[in-house]
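Participant: from the sequence below, what's the structure:
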Amino acid sequence: MRKLTLTMTSVGACAVLAASAIPALAAASAPATTAPGRDSAHAYTTTKGLEEPLVLAHRGASGYRPEHTVAAYELAVAQGADYIEPDLVSTKDGVLVDRHEPEISGTSDVASHPEFASRKTTKVLDGVPTTGWFTEDFTLAELKTLRAKERLPQLRQENTIYDGRYDIPTFEELLKLRESLSKKYHRTVGIIPEIKHSTYQHANGVDPERELLRLVTAYGLNKKNAPLWVQSFELTNLLTLRHTLGYKANSVFLATNGGAPYDLASTGDRRTYADLLAPASLKALSSSINGIGPDKGLVIRRNADGTLGQPTSLVADAHAAGLKVTPYTFRAENSFLPVDYRIGTNPADYGRIIDEVVAFLKTGVDGVFCDQPDICIVARDQFRGR
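Facilitator: Numbering: from 1, shown residues only. Presented below is the predicted three-dimensional model:
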């Protein structure tokens, strides 16, 4: 079948908050009751018109274009995605840019630039030695000389025809793009940025949370009913945003299927993602966050033979705590699907992705992260009986 990523004082303070139940200081955002309008010079800064379950474009329409490029985001919105997702890391001069990781050899042509050959190095990223080129070693002007490339060429060969065509966007450019796409399609387009490796970024002398807050405030999005969710696999930075920096929009605590947040582990806190997703923990966290973004295997586990198993209680537990649930990542290729949802044996061919997404929507999730947003739109329509 063809194919149709503070200050250190504040960090320390919030680590204490992370270790205890926190007073209810921020309720989950409710949908706006007024029509999308303008906040200062910026349009479409409320969630009016957005319907759940949401289709969240994972790094843009990354199943069709190199991820984290303007082209991927434009295509995602054209296909009907409700939100676009940039991953945020910092440059040497403190600018937030959109890359899956600080290390960029897999998503850019940096290795083909002889002028940057000497910057290849090995760093410890969340405890793991990692070799390559890192955004914090480049100014924005230098990064803008690079071009994006497909991260999974062995599975998405068609995407490679776009290699070298698009630059690395800044977060501010994407905030402007969100506005322009909302105006173009006459509907609210949301944005759901993920702050990557916050502890690592702070150790390199940058403060992604403070810069993010500055930008979303400037673009009229730092308010409860804004079409904005900030995500992180770490907890400390989400608490700092909420309780120290004055962030008012939504936040999502991301969780892997196993392991623990690096910010907690690096300080000796022994809590794992499983501990943090337990019902009592979710209830305590609900005073500071608005949702969770679990690996989809935490919502419906796979059986030992790789087939799709039965739903867990996670969605019900989160909803009981007043939290939204937006699992990741839904991808059409056989390589990413349960064994019983694959068609044929080629890992790059498409399988029964629509059926998989519908199975997850039936659990009551509030949104799905998709590499192919158009397919998830079809699944949502089927789920709704359209």
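Participant: may I have stretch 225-235 as PDB, with CA atoms only?
Facilitator: The C-alpha trace of stretch 225-235 is given here as PDB (Å, rounded to 0.1, in the frame of the first residue of the first chain):
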ATOM      1  CA  ASN A 225      -9.100  30.800  27.500                       C
ATOM      2  CA  ALA A 226      -6.200  31.100  25.000                       C
ATOM      3  CA  PRO A 227      -5.700  28.400  22.400                       C
ATOM      4  CA  LEU A 228      -2.300  27.600  24.000                       C
ATOM      5  CA  TRP A 229      -1.000  24.600  25.900                       C
ATOM      6  CA  VAL A 230       2.600  24.400  27.000                       C
ATOM      7  CA  GLN A 231       4.000  20.900  27.400                       C
ATOM      8  CA  SER A 232       7.000  19.300  29.100                       C
ATOM      9  CA  PHE A 233       8.300  15.900  30.000                       C
ATOM     10  CA  GLU A 234       9.700  17.700  33.100                       C
ATOM     11  CA  LEU A 235       7.600  18.900  35.900                       C
END
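Participant: what is the mean pLDDT for that stretch?
Facilitator: Per-residue pLDDT over stretch 225-235 has a mean of 97.
Participant: just give me how far that stretch sits from the chain centre.
Facilitator: Relative to the centre of its chain, stretch 225-235 is centred 8 Å away, using CA atoms, centre = their mean, to the nearest Å.
Participant: go on, stretch 311-327?
Facilitator: 18 Å.
Participant: what does stretch 261-276 give?
Facilitator: The answer for stretch 261-276 is 20 Å, by CA atoms, centre = their mean.
Participant: pull the CA atoms of that stretch into CSV?
Facilitator: Extracted in CSV, the C-alpha atoms of stretch 261-276 (Å, rounded to 0.1, in the frame of the first residue of the first chain):
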residue,chain,number,x,y,z
PRO,A,261,11.3,13.0,34.6
TYR,A,262,15.0,14.1,34.4
ASP,A,263,14.5,17.2,36.5
LEU,A,264,13.3,15.0,39.4
ALA,A,265,15.7,12.2,38.9
SER,A,266,18.7,14.6,38.7
THR,A,267,17.8,15.9,42.2
GLY,A,268,17.3,12.5,43.8
ASP,A,269,13.5,12.6,43.6
ARG,A,270,12.7,8.9,43.0
ARG,A,271,9.2,9.4,41.6
THR,A,272,8.6,7.8,38.2
TYR,A,273,6.1,8.7,35.5
ALA,A,274,4.0,5.9,36.8
ASP,A,275,4.0,7.4,40.3
LEU,A,276,3.1,10.8,38.9
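Participant: now F369, what's its secondary structure?
Facilitator: Here F369 is strand, with the state taken from DSSP: H, G, I helix; E, B strand; the rest coil.
Participant: much appreciated, bye for now.
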